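[1] Need coordinates for the following:
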Amino acid sequence: MFKKDREIWLYLIGILLMFGVILTFSKEVFNPFLKGKTNIVTNALPKPSLTIDKDKVYIANLHTNYGVMTILLYAASAPENVNNFIYLSNKNYYSNLKFHRLIPDLLLQGGDPYTSKPDISNYGKGNTGYLIKDEVNWDNIGLSDSQKNKLTVAGYSSTNNLKSYGLDKYTIAMANNGPNTNSSQFFIVLADYSDSRIKELNGFFTVIGKVINGTDVLDQINKIPVNDPKSNNPLPTKDIIIQKIEINNL
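    Numbers count the residues shown, from 1 in each chain. Below you'll find the model as predicted:
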């Protein structure tokens, strides 16, 4: 009898462990941006107050060692996150950081302060020391009820008073490590909206702008080989350096 009870308990424990592995794996595959950013940088910055004018047009010129990309920032759609991006850019926070993650034909991610150091084991783990809330209106980007439910279960919520933009090719969005954990890291979408991966990820990330000039630079970067194409965090084999980000308003 005791032997049978023991076998049952071992069987139940095995099932629980299996579900744990499946859930972990599913999170990695379903949401490849939710990784890292577990450490806080020692030179933390004060959280910025909202100083931008939501009615103005802001342009960011992102200078890289491969060329310049011009980004139209969506100040009215994501004021807190655009304000933070402008704040960090004006403080030269992004200068000399690297794009540390390139998933060809999907995304290019950068903005991690640890990428100014040679130790690649910390890449993807850095932030400013403060967090910014998500700004995504699910109804604006046409999410289905099942997508909304998935987001709600994961702890996300809709920001109903904003006109949001969804993920699409050449849009720029804030990377996160869960609900309301935006900081300095951002990614640029390299895939078309028709890509099922992009459709599944809509709603999880705050879109702050779109590359309107210099897409040829992105197309060139997209061709750079990565160290492990099957990895969830492939590192470009050549340095892609953010030299500076200049902000202008019209």
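[2] Kindly confirm my reading that residue 220 is in a helix.
    Yes - if the criterion is DSSP: H, G, I helix; E, B strand; the rest coil, then residue 220 is within a helix.
[3] ok, now which ones touch the residue nearest to it when sequence neighbours are not counted?
    Excluding its sequence neighbours, the residue lying closest to residue 220 (CB to CB, 6 or more residues apart in numbering) is residue 66, at 5.7 Å. Any C-beta I mention is one placed from the backbone N, CA and C, and that applies to glycine too. Contacts for residue 66 (CB atoms under 8 Å, 6 or more residues apart in numbering) come out as 217, 220, 221, 240.
[4] now residue 64
    Contact analysis of residue 64 by CB under 8 Å, 6+ apart lists 99, 217, 221, 240, 241, 242, 243.
[5] Which members of these occur in strands, if any?
    Among these, DSSP state E puts 99, 241, 242, 243 in strands.
[6] roughly how far apart are residue 77 and residue 84?
    Distance of residue 77 to residue 84, computed by CB to CB, to the nearest Å: 14 Å.
[7] Have a look at those two and say which one is more surrounded.
    residue 84 (25 against 22; other CB atoms under 10 Å).
[8] secondary structure element for the more buried one?
    Assigned by DSSP states H and E, residue 84 falls within helix 79-90.
[9] which other helices and strands contact that helix?
    If contacts are counted by 3 or more CB pairs under 8 Å, 6 or more residues apart in numbering; DSSP states H and E, helix 79-90 sits against strand 58-64, strand 67-73, strand 207-213, strand 241-249.
[10] about what we covered before: pipe the ones in strands among the contacts of residue 64 into JSON lines and attach neighbour count and distance to residue 61 per row.
    Below are the ones in strands among the contacts of residue 64 laid out as JSON lines (neighbours: other CB atoms under 10 Å; distance: CB to CB, whole Å):
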{"residue": "99", "neighbour count": "25", "distance to residue 61": "16"}
{"residue": "241", "neighbour count": "18", "distance to residue 61": "15"}
{"residue": "242", "neighbour count": "20", "distance to residue 61": "11"}
{"residue": "243", "neighbour count": "13", "distance to residue 61": "10"}
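[11] quick one: which of those is nearest to residue 88?
    Nearest to residue 88 among those, counting by CB to CB, is residue 242 at 11.0 Å.
[12] Hmm, the closest one is touching residue 92, no?
    No - at 10.3 Å, residue 242 does not count as touching residue 92 under the criterion of CB atoms under 8 Å.
[13] If I look at the residue positioned nearest the centre of the chain, what pLDDT would I see?
    Centroid-nearest residue in the chain, with CA atoms, centre = their mean: residue 175, separated by 1.9 Å. pLDDT, residue 175: 98.
[14] burial measure for the residue nearest to it when sequence neighbours are not counted, as a count.
    Nearest non-adjacent residue to residue 175, counting by CB to CB, 6+ apart: residue 185, 4.0 Å away. The number of residues packed near residue 185 is 27, by other CB under 10 Å.
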